[in-house]
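**Student:** What follows is a predicted protein model with its sequence.
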Amino acid sequence: MSSDMSGREPVPRPPDAAPEATPLAGPTPAELGVHKITDARAMRALAHPVRLALLEALMHAGTLTATQASELLGESPANCAFHLRTLAKYGYVVEAGGGKGRERPWRRTHITLQITSDQDDPSAAMAADELGQYWLDVILDRARSNLSRDRTWPAEWQHNLLLGQNEHILYVTPQEAAELGMEFFRLFRRYEEREDYPERRPPGAMPIESLLLSYPLLHLASRPAPGDADAPPDEPPDEPQPE
């Protein structure tokens, strides 16, 4: 499931810009095909392991009934039905149609969600912070667990350049960072049409979770660099002392 808890669930809020900084203009969530969540109750509805698991299961299967979901998640059909109705209440899922009797299939309504703490409503900002921290804990635990078991991956995936751990430090301006972020966003959406539609996936397609976690290294930025105008001048060489 795609989130930008900046768009498959939440990310921490970046540090506030300096007072003189001007926000960079960019495409709106609607223009990017992203559904932005602004209701605090809708955010808190996501902070539940079964509901997140249901959304992920729906992404993979396309549609599921409560009974089918219960077999996948090891929960009771009644519990899955309750959580599906809760997700439907806040617009995350809808009935897919074609069910028989009480067995109603459900599907997701959005591929990418955007949940940030940059909200006009203080309660929504707090809920976004709480959901962002909850999601971060869940996703980092899963990343740590899966990356530590890389030797158990199928052989054809064990030396793939996309997988594994990579870390880079970039020195970029705010404008360059925004442009790079948009490039990443477009790149990750290249195969988005395969989410929720199993029939569109080619044989051998593997669900790959990729995390893009970027943050400023403020402890480095606070250090003066050689040649920095604000850096203290070099000390003059010692004067030779008479013998």
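**Tutor:** Okay, I see it.
**Student:** Identify each buried residue in stretch 92-99, please.
**Tutor:** Along stretch 92-99, these residues count as buried under the neighbour rule (16 or more other Cβ atoms under 10 Å): 92-93, 96. Yep, even glycine has a C-beta here, placed from its N, CA and C like the rest.
**Student:** so which one among those residues has the lowest pLDDT?
**Tutor:** Comparing pLDDT over the buried residues of stretch 92-99, A96 scores lowest. The value there is 90.
**Student:** Enumerate every residue touching that residue.
**Tutor:** Residues counted as contacts of A96 (Cβ atoms under 8 Å, 6 or more residues apart in numbering) are 63, 104-107.
**Student:** And H110, by the same measure?
**Tutor:** 35, 92.
**Student:** Assign a three-state SS to it, would you?
**Tutor:** Under DSSP: H, G, I helix; E, B strand; the rest coil, the three-state class of H110 is coil.
**Student:** same thing with E176?
**Tutor:** E176 carries the three-state label helix when classified by three-state DSSP.
**Student:** any idea how far E183 is from it?
**Tutor:** 11 Å (Cβ to Cβ, to the nearest Å).
**Student:** repeat for A81
**Tutor:** Plainly put, A81 is 42 Å away from E183 if you go by Cβ to Cβ.
**Student:** With A143 instead?
**Tutor:** 23 Å.
**Student:** Could you do M206 as well?
**Tutor:** Distance of M206 to E183, given as Cβ to Cβ: 24 Å.
**Student:** before we move on, what about L213?
**Tutor:** The span separating L213 from E183 equals 17 Å under the rule Cβ to Cβ.
**Student:** For this protein, give the helix that spans the most residues.
**Tutor:** In the chain, ranked by residue count with DSSP state H as the criterion, the top helix is helix 122-147.
**Student:** quick one: buried residues of stretch 183-196?
**Tutor:** Of the residues in stretch 183-196, 185, 188-189, 195-196 count as buried by neighbour count, 16+ other Cβ under 10 Å.
**Student:** Just after the lowest-mean-pLDDT helix or strand in the chain, pick out the following helix or strand.
**Tutor:** Within the chain, no helix or strand scores below strand 2-4, which has a mean of 56 by mean pLDDT, DSSP states H and E. Beyond strand 2-4 on the C-terminal side, the first helix or strand identified by DSSP states H and E is strand 35-36.
**Student:** which strands and helices sit next to whichever helix or strand comes after that next one?
**Tutor:** Sequence-wise, the next helix or strand beyond strand 35-36 is helix 40-46, with elements assigned using DSSP H and E. Contacting helix 40-46 under the criterion 3 or more Cβ pairs under 8 Å, 6 or more residues apart in numbering; DSSP states H and E are the following elements: helix 77-89, helix 122-147.
**Student:** Average pLDDT for helix 40-46, rounded please.
**Tutor:** Averaging pLDDT along helix 40-46 gives 93.
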